[in-house]
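K.L.:
Need a 3D model of the sequence below.
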Amino acid sequence: MADKNETLDFIIGRHPAMAALKKDGEINKVFLQENLKSDAIHEIYKKAKENGLVVSFVPKSKLDKMTNNQNHQGVAIAVASYKYSEIDDIFALAEKKQEDPFILILDGIEDPHNLGSIMRTADAAGVHGIIIPKRRAVQLTSVVAKTSTGAIEYVPVARVNNLVQTIKELKERGVWVFGTDMKGTDYRKWSAKGATALVIGNEGKGISELVKKNCDEMLTIPMVGHVQSLNASVAASLLIYQGFTSRGN
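P.N.:
Below you'll find the predicted structure:
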């Protein structure tokens, strides 16, 4: 599912690897650690052969080098970099499910682990798609894929040049856009019924001022402790599940 002119990347880890093998993706080759016996590795090998893929058994040292010493769990799948969706694909998915669009907009998330975790929650809570900027933000990588534990295969991600312009276009299509800030409506009172987009800001800076000005309403997560901030993926999870609950799920 990736364009041929994109660079190769690796999906690592047993769950992400199996998720990729179950999808119609452009997989180049499967690398398995030699002399590693487990049911999960056997299932990956069996699925790869069913799909007519080339499987190579290699030393752990080679897998370590290929994956920059990440926790690959004995498996790495060489793929073309992930293909991004269009915003229309997100609306089409919502229509297919006969649901009002529930969209996540990430304003400058930089940590691939945060993006992967957010994707995992988005998939679990029925978010129809994620929108990210093309610049000054993490893109879809093997680290994101592994952290998402396979969710990257199911949650459409659209890249846009300008988030502010995109928000304006979403509003023209009837989407109500909610931002997150230190000051705003208590998120526990938020209803995400109807066509809704939720903006999550950068890990340190939050939502940019221009994006904030174009949101219809701001939401806040009350905190009474000494540390007045939450990890971006944790904050996103709380908000996404409030949206999920308010939509009658």
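K.L.:
Domain-wise, how is the chain divided?
P.N.:
Here the domain parsing of the chain from automatic domain parsing is 8-80, 87-246.
K.L.:
Just the terminal-to-terminal distance for the last one.
P.N.:
The reference is to domain 87-246. End-to-end distance of domain 87-246: 24 Å, with CA to CA, to the nearest Å as the criterion.
K.L.:
ok so, going back, worst average pLDDT in the domains of the chain?
P.N.:
The weakest mean pLDDT among those belongs to domain 8-80, with a mean of 88.
K.L.:
So what's the gap between that domain and the chain middle?
P.N.:
21 Å (CA atoms, centre = their mean, to the nearest Å).
K.L.:
for this structure, what's the longest strand?
P.N.:
strand 176-186 (DSSP state E).
K.L.:
what's across from residue 206 in the sheet?
P.N.:
residue 202 (DSSP bridges).
K.L.:
Let me see the contact set for it.
P.N.:
180, 181, 182 (CB atoms under 8 Å, 6 or more residues apart in numbering). Bear in mind the C-beta positions are built from the backbone N, C-alpha and C, glycine included.
K.L.:
who wins for most neighbours among these?
P.N.:
Counting neighbours by other CB atoms under 10 Å, residue 180 leads the contacts of residue 206 with 24 neighbours.
K.L.:
Excluding covalently adjacent residues, which one is nearest to that one?
P.N.:
Distance criterion CB to CB, 6 or more residues apart in numbering; nearest residue to residue 180, sequence neighbours excluded, is residue 219 at 5.4 Å.
K.L.:
do residue 116 as well
P.N.:
Closest residue to residue 116 apart from its sequence neighbours, by CB to CB, 6+ apart: residue 147 at 2.5 Å.
K.L.:
can you tell me how far the one you found sits from residue 246?
P.N.:
Using CB to CB, to the nearest Å, residue 147 is found at 27 Å from residue 246.
K.L.:
With residue 36 instead?
P.N.:
The gap separating residue 36 from residue 246 is 46 Å, by CB to CB.
K.L.:
Please tell me how far residue 136 sits from residue 109.
P.N.:
For residue 136, the distance to residue 109 (CB to CB) stands at 10 Å.
K.L.:
in the chain, which residue is closest to the centre?
P.N.:
residue 119 (3.1 Å; CA atoms, centre = their mean).
K.L.:
And the longest helix anywhere in the chain, how far out from the chain middle?
P.N.:
If you go by DSSP state H, the chain has its longest helix at helix 232-246. Relative to its chain's centre, helix 232-246 lies at 14 Å (CA atoms, centre = their mean).
K.L.:
try stretch 192-199
P.N.:
On CA atoms, centre = their mean, the centre of stretch 192-199 falls 17 Å from the chain's centre.
K.L.:
repeat for stretch 132-140
P.N.:
On CA atoms, centre = their mean, the centre of stretch 132-140 falls 11 Å from that of its chain.
K.L.:
what's the span of it, first residue to last?
P.N.:
For stretch 132-140, by CA to CA, the gap between its terminal residues amounts to 10 Å.
K.L.:
quick one: contacts of that stretch?
P.N.:
Here stretch 132-140 makes contact (CB under 8 Å, 6+ apart) with 81-82, 84, 105-112, 114-115, 144, 152, 157-163.
K.L.:
So among those residues, which ones count as buried?
P.N.:
81-82, 84, 105-109, 111-112, 114-115, 144, 152, 157-160, 163 (16 or more other CB atoms under 10 Å).
K.L.:
Of the residues you listed, which belong to helices?
P.N.:
Going by DSSP H, the helices hold 112, 114, 115, 144, 163 from those.
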